[in-house]
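>>> this one's structure only:
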């Protein structure tokens, strides 16, 4: 890992932020190569979720109003427990610290932490003792506008931006379910004491999809096409098992097709992005671990030098979020679902006695009558008028059985959410493609990145640093770039050394311009992984390289030209 | 404008954020169409700055350490003056409020504001009087980690992320000037009372390029290629004049070629993105308006219903930022520039008298001797050792004239910065392309967006909502999408109504599948602006549409097929 991190820093993939000011844990910069690769990764994600699945992207602010996060539960529940050394003042995330020092796992609630501190006599590294554990909210807080009248938080997930826009999104999708919305962008988590490099960041990048579905319709029209995909699963009972998606849904291990479909889509995306299939599994949340609102939740986990780490979460969030926002905003977040044909139903209708409630409730009477219109009688009559709970005694109403025709119903959609941690996926791909091998008896570092993920896709090399070769190389480079291929010239050093430099950053192909190029307008293309070379006409370069760099090339390398080495 | 804003909201371009919670001024969401168009706009910007100019993108955090913004001057100087009504509590940005109410322009410093309030008897809309004006820092403030020990700010510009990475960037570019780095991302400005829709946002999107150059080399190798481009300029003396870039630089109106080159590049980007050339000008900052460190600064301004608004700033920031960060971080942000051949120079060298300074400065002597090595004698000897200023009296040293060979010098690069406000450009393009015209005697709304900017590039329409036509339309739609064309099917409503819907959101082409398609595998392509239609083979669609949607199509619409209507 340290070899990899050194390379990533040296070559401009990842830099710890604010280095000239001593840095700050939990913040990383994507350097020139890192930013390019991250962008390619996000484009690949868009290919899967926007182009193929037909979802739409939106872009909402990273700062959110307090109301939003009160409703979502983050103000109250997005907390970790911290302990502070009373001697040296060091502050730690309690559960992590205790796990590390006492090798036990502990529930992250203050009482349990205190108990563990006592029982295992956990002290600070400096020898000091810890203050009473306290909860610490993990959202970055700020004030919007002058003074502290309006509190804002940096969003802990992009998801809420999609939930609060539900009424507008519903209109955009012409009032029909299901529909999917995605967002790619920053999210924030003010970690107490992050200490795992890019794995635990205070500012990170998410790609989230929220698929709004009818609560009773969790089948997926595309499920048959992926039913036979094999998945390595770890169930909530901690059993490891390999099943096809179809089997897992049929056996009820995965709750329904919608989840199954997105688990497979996630696998396809990850493997095509460069995650090693052998080091990828889907782990189901245990009942005691799952958020109380979710009915089923699976993490895609990748094996790295940090152990198995969560890189994607795929959850059925049910109607939890929309319901909460509906309660807090008092806005209608339901959708009217029309039945295929109207249904006749008998129901008990409440008929208020106006002569009694009239004098008693005066100006509220109209609202009460309206609220009773569709009241579902459950033994008593208790309604909410403008925040006030009003209970009617039995003398205030009659009950009448009526037959009504119902044309449809108002429902709150459920939400299926695949949520991707871009930074962790980025890092996993690098770890899984990092390799040291031997070429012609010489050691080399190489990143076996897929071509469409690699930050530089084509190296353009004049064999020698001569003007006549450089001019041709420049033309080729420009032509590749304006045709959307990330090419880069390198003219300094021996040709072997330049190949190594490109191998190290995962450039899949190098085009070399030599004296034959001047004679017959052909160049060699060298393949990174095998170091084989073919000779092709310069005029075919764009088409050939696009083919080689595509997600599913229709031709193999050796079919595009004669192997010359 | 209100027609446009209504359409942008209704069709999913721009939504005021957190609407279900009453909204919050200064925050906007990009809806599904807006997000797509914004992304296309950013891709076009990348084409100009990354693909064509060969700059590299990085991606640094939006939260910055306090140190960074102390050094950059933002903690002290990024302020507006606010006034608060002592009766109703309303808070305003003072200079804007006074300008609006008293129709005078006033310097945004507390004393001047107070004077203006008094002289013009400016009161609150409610009739109340204002408190004493105070400065308000416009950065969003937060705390990193628990407690308030570590202050962070949301970045007011992406630029600082590039400056603080200078040492790493310099290595990435192999220690050679010039080089360019770009960043596209969020920036924040905690406006006191924003009231101009998307024009004055608290969270916005920037695309900034920082070009690091040798202070003495501000010529640009590509200048000749753009020298004849005409520019509408408003000079710092408020004179409007149309000149070529070459003339403007020769006359000394634009300070140097580097600025001239990026002004032209900016114009080309903006006009190709859809800004009306007739409503675009470049305005030079007046001497009293320009940041004290900038030597020359030009704003690209667009005429909109808000008046002329700044959409891009192009400045020579000199060595100001790097110098400040060097002072504050105590890190070396210089670059060693080797002369073509070594130079011999005579200089006065300070030879310390060890027998005198030795006893006096003890453990600091070594550092003093080292500091004197390259000391530039200027009449006295005063050096800085570990933050302490030490002045040597004349008895402590001798002066000796020496001849030295110098192989190069350390310099701090200058920075040329084109800085783009993506949201304002986005809005300007929409205003400039918004139109109401008549087609076949019927009114229609249309956005004359360039194809590569339009959120939906191709509408795919089955003539009737029949399965056999729908199936073909779906295949065409899928094929266009996986080939990178933003296509969308619409099957509901009359064909005319569907054309209008696509016209309204700026979709440049509609492909219609009819019964001839089933017979001979051809479809019609309809051009938005002229409503002309051609008939083409389905097999040619991807190639033809890519051609039509490209930045510089080589074929005109009517050359691709026979006009059928």
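Arrived safely. Here the structure is a predicted model, which means the values were calculated and not measured.
>>> Going by C-alpha atoms from here, please, whenever you check contacts or count neighbours.
Noted.
>>> From the centroid of chain A, which residue is nearest?
The centre of chain A sits closest to residue A:420, judged by CA atoms, centre = their mean, with a distance of 1.8 Å.
>>> who does that residue bridge with?
Beta bridges link residue A:420 to residue A:207, residue A:312, judged by DSSP bridges.
>>> Is it correct that it is in contact with residue A:206?
Yes - Residue A:420 lies in contact with residue A:206 (CA atoms under 8 Å); the separation is 5.6 Å.
>>> returning to what we had before: gap between the residue nearest to the centre of chain A and residue A:52?
Going from residue A:420 to residue A:52 by CA to CA, to the nearest Å gives 17 Å.
>>> cool, residue A:61 as well?
Remark: distance between residue A:61 and residue A:52 (CA to CA) = 26 Å.
>>> Quick one: name the residues of the stretch 201-350 of chain A near chain B.
Taking CA under 8 Å from any CA of the partner chain as the contact definition, the stretch 201-350 of chain A meets chain B at A:203, A:329, A:331.
>>> if we go to 6 Å?
When proximity is defined by CA under 6 Å from any CA of the partner chain, the stretch 201-350 of chain A lies next to chain B at residue A:329.
>>> got it, and the stretch 51-200 of chain A?
Residues of the stretch 51-200 of chain A lying near chain B (CA under 6 Å from any CA): A:51, A:56, A:57, A:58, A:59, A:60, A:141, A:142, A:145, A:190, A:192.
>>> Where neighbours are concerned, which of these has the most?
residue A:60 (28 neighbours; other CA atoms under 10 Å in any protein chain shown).
>>> Go ahead and name everything in contact with stretch A:200-210.
A:26-27, A:180-191, A:194, A:416-422 (CA atoms under 6 Å, 6 or more residues apart in numbering or on different chains).
>>> Which of those fall within helices?
residue A:422 (DSSP state H).
>>> Going through the contacts of stretch A:200-210, which ones are buried?
With burial judged by 16 or more other CA atoms under 10 Å in any protein chain shown, the buried subset of the contacts of stretch A:200-210 is A:26-27, A:180-191, A:194, A:416-422.
>>> Narrow these to those in strands?
Judged by DSSP state E, the subset of the buried ones among the contacts of stretch A:200-210 located in strands is A:180-188, A:416-421.
>>> Mind telling me the two of the residues you listed farthest from one another?
Of all pairs drawn from these, the one with the longest distance (CA to CA) is A:180 and A:188, at 23.3 Å.
>>> that older thread, of residue A:61 and residue A:52, which one has the most company?
Neighbour count, other CA under 10 Å: between residue A:61 and residue A:52, residue A:61 has more, with 22 against 13.
>>> Let's verify that one: helix, strand, or coil?
Following DSSP: H, G, I helix; E, B strand; the rest coil, the label given to residue A:61 is coil.
>>> repeat for residue A:132
coil.
>>> any idea how far it is from residue A:124?
13 Å.
>>> Of the two, which one has the most company?
Counting neighbours by other CA under 10 Å for residue A:132 and for residue A:124 shows that residue A:124 has the greater number, 21 against 16.
>>> does that one belong to a helix or a strand, and which?
Here residue A:124 is covered by no helix or strand, with elements defined by DSSP states H and E.
>>> and the residue lying closest to residue A:419 once chain neighbours are set aside, how many neighbours?
Of all residues not flanking residue A:419 in the chain, residue A:208 sits nearest, at 4.3 Å (CA to CA, 6 or more residues apart in numbering or on different chains). Using other CA under 10 Å, the number of residues around residue A:208 comes to 27.
>>> Show the pLDDT at residue A:456.
If you check residue A:456, the pLDDT there is 98.
>>> and it, what element?
Residue A:456 belongs to no helix or strand when assigned by DSSP H and E.
>>> ok, and for the host helix or strand of residue A:40, which residues are buried?
Secondary structure from DSSP H and E places residue A:40 in helix A:32-46. For helix A:32-46, the neighbour count (16+ other CA under 10 Å) marks A:32-42, A:44-46 as buried.
>>> OK, contacts around residue A:81?
A:93, A:94, A:134, A:135, A:136.
>>> Excluding chain neighbours, what is closest to the second one?
If the residues on either side of it in the chain are set aside, residue A:94 comes closest to residue A:82, at 5.0 Å by CA to CA, 6+ apart.
>>> Could you list the low-pLDDT ranges of the stretch 51-200 of chain A?
By pLDDT under 70, the stretch 51-200 of chain A contains no weakly predicted segment.
>>> how about the helices in it?
A:66-72, A:74-77, A:94-102, A:110-119, A:159-163, A:166-172 (DSSP state H, counting those that start in this stretch).
>>> Residues contacting the longest one, please?
In this case it means helix A:110-119. By CA under 6 Å, 6+ apart, helix A:110-119 touches A:133, A:134.
>>> Kindly present the residues of the stretch 51-200 of chain A next to chain B as CSV, with separate columns for distance to residue A:521.
Formatted as CSV, those follow (distance: CA to CA, whole Å):
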residue, distance to residue A:521
A:51, 37
A:56, 45
A:57, 44
A:58, 47
A:59, 47
A:60, 50
A:141, 61
A:142, 61
A:145, 63
A:190, 57
A:192, 60
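>>> Closest to residue A:313 out of those?
Using CA to CA, those come closest to residue A:313 at residue A:57, 18.9 Å.
>>> Residues of the stretch 401-550 of chain A that sit close to chain B?
residue A:481.
>>> Relative to residue B:486, how far out is the residue in the stretch 401-550 of chain A positioned nearest to chain B?
Residue nearest to chain B within the stretch 401-550 of chain A: residue A:481 (5.9 Å; CA to the nearest CA). Residue A:481 sits 22 Å away from residue B:486, taking CA to CA as the criterion.
>>> How is chain A divided into domains?
A:1-55+A:164-334+A:413-441, A:337-411, A:456-563 (automatic domain parsing).
>>> among these, which gets the worst mean confidence?
domain A:337-411 (a mean of 87).
>>> chain center to it: distance?
Distance, stretch centre to chain centre, for domain A:337-411: 43 Å (CA atoms, centre = their mean, to the nearest Å).
>>> Endpoints of it, how far apart?
Terminal-residue distance, domain A:337-411 (CA to CA): 7 Å.
>>> I'd like the domains of chain A as a markdown table, with distance to residue A:99 appended.
Rendered in a markdown table, the data for the domains of chain A read as follows (distance: least, CA to CA, whole Å):
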| stretch | distance to residue A:99 |
| --- | --- |
| domain A:1-55+A:164-334+A:413-441 | 14 |
| domain A:337-411 | 44 |
| domain A:456-563 | 36 |
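>>> Can you check which of these gets nearest to residue B:379?
Across the domains of chain A, residue B:379 has its closest neighbour in domain A:1-55+A:164-334+A:413-441 (33.7 Å, CA to CA).
>>> Might you name the residue of the stretch 151-300 of chain A sitting closest to chain B?
Closest to chain B within the stretch 151-300 of chain A is residue A:192: 5.2 Å, counting by CA to the nearest CA.
>>> Let me know whether that residue touches residue B:145 as I believe.
Yes - in this structure, residue A:192 is within contact of residue B:145 by CA atoms under 6 Å, at 5.2 Å.
>>> burial measure for the residue lying closest to residue A:170 once chain neighbours are set aside, as a count.
Among residues not flanking residue A:170 along the chain, residue A:176 sits closest, at 7.1 Å (CA to CA, 6+ apart). Neighbour count of residue A:176, defined by other CA under 10 Å: 15.
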